[in-house]
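Student: model the structure of this input:
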Amino acid sequence: MSTEIRVPQLPESVADATLVAWHKQPGDPISRDENLADLETDKVVLEVPAPANGVVREIKVASGAVVKSGQVLAVIEEGAAAPAAAPAAKGAAAAPAPKAAAKPAAEEARDGGRLSPSVRRLVEENRLDPASIPASGRDGRLTKSDVVDYLEKKPAPAAAPAAAPVAARPATTPVAGARGEQRVPMTRLRARIAQRLIEAQSTQALLTTFNEVDLTAVQELRARYKERFEKEHGVKLGFMSFFVKATIEALKRYPVLNASVDGTDILYHEYYDIGVAVSTDRGLIVPIVRDADAKSFAAIEKEVAAYAKKAREGTLAIEDLTGGTFTITNGGVFGSLMSTPIVNAPQSAILGMHKTQERPMAVNGQVSIRPMMYLAVTYDHRIIDGREAVQFLVAIKDVLEDPGRMLLGV
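Tutor: Residues are numbered from 1 along each chain as shown. Model (predicted):
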């Protein structure tokens, strides 16, 4: 029985998608739930799974094409067996066929052909056998971090075969003194990020104000309880949960920073869906910690860690990225000492965290070395006054320098 494979129903906010890669070709066998193709939207990469076991009979859309919900991508013959003798019947063309199939077979040995796009790209670029890499993902799936760890631990001699392709490139290498260029099209995600950043700067009156926070008390609290916290909750006690909680306390005092502009109205949100910016190899994305005010430190840390893992694997759902009333971004993980973040529209403000750096500070008339971090809040000056933005940062500073206040609600 022939079955048409169609583009899954895309969310209402996503008009179309780009077919970035086929993982099967006509005549290839395919198993139920095995990934047939990757679709890239403005926000995430979606997999197109096979609905049943069978053989791919026809591919109707070329890689790189823009597709819409419900459009036919391919046709499979359910229950059919792969024509094992077909390659042999083509005479001279039969010899290369097994080699072409070798890589997918190796991938399928590890993951049933269901490697995420970022993992598959990393495996293919480094000419690795997925079956030889220890997997830590759910259901034994290989994650990007598994491949990176494997590459870091891989002994030097084993890397020798990978050097051969480099030696084979002189024909395409520019002559000495020439200045080369490469033209690479933006991914849909990168293009969407660019569009949103330009829109934010052209439609909002953005202004940034700064402050600094002494993280001595937070570091002491983490040092005192980090082992017990991890043992009790199965997750490390990081900085992000402190900043999320402190941000919510400040948003409760200055709710306009949790608001957005809707036409000529100000829409005040009486809930706290906090976006936490995550950097991926495809660009910066912002998954949402919903109702963060009602969640414990442990719940926030677990959710942020889960989002970061899904982002690395390319498995975030559009629902994970939709909405949000306020965003926190941490450039400090890359060493940034100070920056001016851009608001994630239609939100009206964003908090920028930065690198923690020991600096000499005047404390009670004495010079003391303290772990200091610069904080930045960029805000839409159309609805947020400078006084409110400054006091918002001061409130975050006060809470973080005396974190017991978060527990006591004072």
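Student: who's in contact with Val66?
Tutor: 16-19 (CB atoms under 8 Å, 6 or more residues apart in numbering). The C-beta positions use only the backbone N, C-alpha and C, and glycine is treated the same way.
Student: could you report the pLDDT at it?
Tutor: On the pLDDT scale, Val66 is placed at 88.
Student: phi and psi next, for it.
Tutor: phi -90, psi 130 (degrees, to the nearest 10).
Student: now, the contacts of Val66 that are in strands?
Tutor: 17-19 (DSSP state E).
Student: ok, of those residues, which one's closest to Asp291?
Tutor: Comparing the ones in strands among the contacts of Val66 against Asp291 with CB to CB places Ala17 closest, at 29.8 Å.
Student: next, the buried residues of the top strand by length along the chain.
Tutor: Longest strand of the chain, by residue count under DSSP E: strand 366-380. Of the residues in strand 366-380, 370-380 count as buried by neighbour count, 16 or more other CB atoms under 10 Å.
Student: what residue is smack in the middle of this structure?
Tutor: The chain has Ala311 as the residue nearest its centroid, 3.2 Å off, counting by CA atoms, centre = their mean.
Student: so what pLDDT did it get?
Tutor: Reported pLDDT for Ala311: 83.
Student: that's a helix at it, yeah?
Tutor: Yes: counting by DSSP: H, G, I helix; E, B strand; the rest coil, Ala311 is found in a helix.
Student: isn't it up against Thr280?
Tutor: Yes: look at Ala311 against Thr280 with CB atoms under 8 Å: they come within range, at 4.9 Å.
Student: the longest strand of the chain pairs with which strands?
Tutor: Using DSSP bridges, the neighbouring strands of strand 366-380 in the sheet come out as strand 206-214 (antiparallel), strand 349-353 (antiparallel), strand 357-363 (antiparallel).
Student: list of residues touching the helix or strand containing Glu199?
Tutor: Here Glu199 sits within helix 188-203, counting by DSSP states H and E. Residues outside helix 188-203 that contact it (CB under 8 Å, 6+ apart) are 17-18, 40-43, 186, 206, 282-285, 342-345.
Student: re earlier: most neighbours among the ones in strands among the contacts of Val66, which one?
Tutor: Counting neighbours by other CB atoms under 10 Å, Ala17 leads those with 25 neighbours.
Student: show me what contacts it?
Tutor: 7, 10, 39-41, 46, 66-68, 188.
Student: shaky segments in the stretch 101-250 of the chain?
Tutor: Scanning the stretch 101-250 of the chain with the threshold set as pLDDT under 70 gives 101-114, 116-118, 121, 125, 137-139, 144, 152, 154-176.
Student: switch the cut-off to 80
Tutor: Low-confidence segments of the stretch 101-250 of the chain (pLDDT under 80): 101-127, 136-149, 151-178, 185, 187-190, 192-193.
Student: please tell me how far the residue nearest to Thr325 when sequence neighbours are not counted sits from Ile300.
Tutor: The shortest distance from Thr325 to any non-neighbouring residue, by CB to CB, 6 or more residues apart in numbering, is to His269 (4.4 Å). Distance, His269 to Ile300, by CB to CB, to the nearest Å: 18 Å.
Student: again with Ser368
Tutor: Distance from Ser368 to Ile300, by CB to CB: 30 Å.
Student: and what of Val235?
Tutor: According to CB to CB, Val235 stands 9 Å off from Ile300.
Student: more neighbours, these two?
Tutor: Using other CB under 10 Å, the more surrounded residue of Val235 and Ile300 is Ile300, with 22 against 19.
Student: where does that one fall, secondary structure wise?
Tutor: Going by DSSP H and E, Ile300 is in helix 297-313.
Student: Asp146 now?
Tutor: Assigning secondary structure by DSSP H and E places Asp146 in helix 144-153.
Student: helices and strands around that helix, which ones?
Tutor: Counting contacts by 3 or more CB pairs under 8 Å, 6 or more residues apart in numbering; DSSP states H and E, helix 144-153 packs against helix 117-125, helix 297-313.
Student: check which helices and strands the longest one is in contact with.
Tutor: What it means is helix 297-313. Against helix 297-313 (3+ CB pairs under 8 Å, 6+ apart) you get helix 117-125, helix 144-153, helix 216-233, helix 240-253, strand 278-280, strand 288-289.
Student: touching it from outside, list them.
Tutor: 116, 118-119, 137, 141, 143-145, 229, 232-238, 240-242, 244-245, 276, 278, 280, 285, 287, 289, 292, 295, 316, 320.
Student: drop anything exposed from the residues you listed.
Tutor: 116, 118-119, 137, 141, 143-144, 229, 235, 237, 240-242, 244-245, 276, 278, 280, 285, 287, 289, 292, 295, 316, 320.
Student: quick revisit: so which of the contacts of helix 188-203 belong to strands?
Tutor: Judged by DSSP E, strands contain the following of the contacts of helix 188-203: 17-18, 40, 206, 283-285.
Student: and this protein, what are its domains?
Tutor: Following automatic domain parsing, one finds the domains of the chain at 1-83, 87-159, 190-408.
Student: nearest to Gly180, of these?
Tutor: domain 87-159 (19.9 Å).
Student: any weak-confidence spans in the stretch 251-400 of the chain?
Tutor: Residues of the stretch 251-400 of the chain meeting the criterion pLDDT under 80: 280-283, 313-314, 318.
Student: that older thread, let's have the buried residues of strand 366-380 in TSV, adding distance to Pro51.
Tutor: Formatted as TSV, these follow (distance: CB to CB, whole Å):
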residue	distance to Pro51
Arg370	60
Pro371	54
Met372	56
Met373	51
Tyr374	53
Leu375	50
Ala376	49
Val377	48
Thr378	46
Tyr379	48
Asp380	46
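Student: tell me the one of those residues nearest Gly331?
Tutor: The closest of the buried residues of strand 366-380 to Gly331 turns out to be Ala376 (CB to CB; 9.1 Å).
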